[in-house]
Each structure stands twice: as C-alpha cells, then as structure tokens.
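> pasted the sequence and its predicted model underneath.
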Amino acid sequence: MLIESTNIMRTIFMLLLLAAVAVVAYNYGAGRGFVFQLPATSSGVDDAGTDIRDRVAAGANTAVSRTEEAVAEAALTSKIKAKMALDDLVKAANIDVDTSRHIVTLTGDVASAEERRRAVRLAKETAGVTEVVDHLRIRK
C-alpha cells in the first residue's frame, strides 16, 4: 500500500515537473528567456505562438486530468483497505487492492469463503466503485 502511494505521488510529481518544464521551454522559445510566465499572460503572440500555447495548455490539462485520476484511484484504494482493516473477519494484510478507472481488483489469500465474500462485499459497497474483480484464493 505504501509502495503504491509512493508510486502515485512520484507520478504526480513527474507530471507537474513536466508541465513546469514545458512552460519554461515555451517562454524560452518565444524569446522571453528562462522565466516562468504562463503562455496566456503574454501579449502579441503570433499564430505560431498561439499554436504552441494551445499545445502546452492541452498538455497541462492532460497532466492535471491524469493527476486527478491518480489521486481519486489512490483515495478509493485507501478507503477499501481501511474498511478491511477495521473489519473483524477480513485480514487486510493478506489482500492487495488495485484500482483502475473505478474498477477494483482484489488479489491475495484468504482463510475462508466467508472472508472472501466479506472482502468483495466491502469493496463493492465503497462509493465510487463500479466493478470488483475477485482474484482472491482460499488457503487450504
């Protein structure tokens, strides 16, 4: 779980860093030097500058969208893991929870069919989950 959160935070940081580098590169290419000035704040931009500004803005919007999606997925995963950790029947440490586009995948080993049903039910009852993929195995 901690590794998963660290990877998500690393992805968010890299997307934000990429957006900042794109803005600085745009300003340098427009002859303003190495300053951090958003493209929309400039005046007298010609057609080529407008095209570059639009592409940079689209890239920044994509980065923001991906960041929001990654944060939402991490929050959903955390909610499910917390529900499992608080449950008396489910051993959360033995279950991995992965979330992608509101689809939750459960993997790992459980002690009984009842624990498996309970883990799946906890995930399905979590707001924002559209589907649960059950890859849990019952230990023998």
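Cool, got the structure.
> may I see the buried residues of stretch 9-19?
12, 15, 19 (16 or more other C-beta atoms under 10 Å). Every C-beta, even on glycine, is put in place using the N, C-alpha and C of the backbone.
> can I get the residues you listed in a markdown table including pLDDT and distance to residue 127?
Below are the buried residues of stretch 9-19 laid out as a markdown table (pLDDT from 0 to 100; distance: C-beta to C-beta, whole Å):
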| residue | pLDDT | distance to residue 127 |
| --- | --- | --- |
| 12 | 85 | 23 |
| 15 | 84 | 26 |
| 19 | 78 | 30 |
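> quick one: list the elements packing against the strand or helix carrying residue 97.
Applying DSSP states H and E as the criterion places residue 97 in strand 95-100. Applying 3 or more C-beta pairs under 8 Å, 6 or more residues apart in numbering; DSSP states H and E, one finds that strand 95-100 makes contact with helix 47-86, strand 103-110.
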